[in-house]
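Participant: Sequence and computational prediction follow.
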Amino acid sequence: MLRFLWERAVQWGPAVFIVSVITFLSHQPKLPGPDGFAWEFLWFKTGHLVVYALLAWSLYRALWWQRWSQILSRRQVCILLATVAVLAVLDEVHQSFIPGRGPHIRDVGIDVLGAMLFVVWHRWSSQIISPEQ
């Protein structure tokens, strides 16, 4: 029983950690970052891309634990992107209740783009590692 729990913790731990970090940061009225609209925009949107790419990686790793080094199928890509999109929408809904924050559909798009970047990177790296597929 303990081994099973340990394996599930290792399997889902990164995804739970990343969702927790996203939720914590979303709950802050103001995040630290550079001043000026252009720098602030670039800083936070790049953060969205990177964090949601990592979320996509951790979800892929958790959902397909036994075969996570294989090339993603279309079905897996759809499940992964849909899961990230739902989490991104929930994050924006959460932000709508935080004073000083607000929901932005653009952020959901950037979040899903981050997940798509993971998919592209994974396909590219899988083909380099095992070119016979």
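Facilitator: Thanks, I have the structure now.

Participant: Now do the one helix or strand residue 86 maps to: which elements does it pack against?
Facilitator: Assessed by DSSP states H and E, residue 86 sits inside helix 74-95. Under the contact criterion of 3 or more C-beta pairs under 8 Å, 6 or more residues apart in numbering; DSSP states H and E, the helices and strands touching helix 74-95 comprise helix 2-26, helix 37-63, helix 105-129. C-betas here are computed from N, CA, C, even on glycine.

Participant: now the angle from the first one to helix 105-129?
Facilitator: In other words, helix 2-26. 140 degrees (axes from the mean of the first three to the mean of the last three C-alpha atoms, to 10 degrees).

Participant: Which positions in helix 2-26 come out as buried?
Facilitator: By neighbour count with 16 or more other C-beta atoms under 10 Å, helix 2-26 contains the buried residues 11, 12, 14, 15, 18, 19, 22, 26.

Participant: Then the longest one?
Facilitator: Along helix 37-63, these residues count as buried under the neighbour rule (16+ other C-beta under 10 Å): 44-45, 48-49, 51-62.

Participant: Let me know which of the helices and strands packed on helix 74-95 is the nearest to residue 91.
Facilitator: Proximity to residue 91, assessed across the helices and strands packed on helix 74-95 by C-beta to C-beta, is greatest for helix 2-26 (5.4 Å).

Participant: now for the closest one, which elements pack on it?
Facilitator: Under the contact rule (3+ C-beta pairs under 8 Å, 6+ apart), helix 2-26 is packed against helix 37-63, helix 74-95.

Participant: Residues in contact with that helix: which ones?
Facilitator: Contacts of helix 2-26 from elsewhere in the structure, counted by C-beta atoms under 8 Å, 6 or more residues apart in numbering, are 31, 51, 54-55, 57-59, 61-62, 65, 87, 91, 94-95, 98, 101.

Participant: give me that answer again for 7 Å
Facilitator: 31, 51, 54-55, 58-59, 61-62, 65, 87, 91, 94-95, 98 (C-beta atoms under 7 Å, 6 or more residues apart in numbering).
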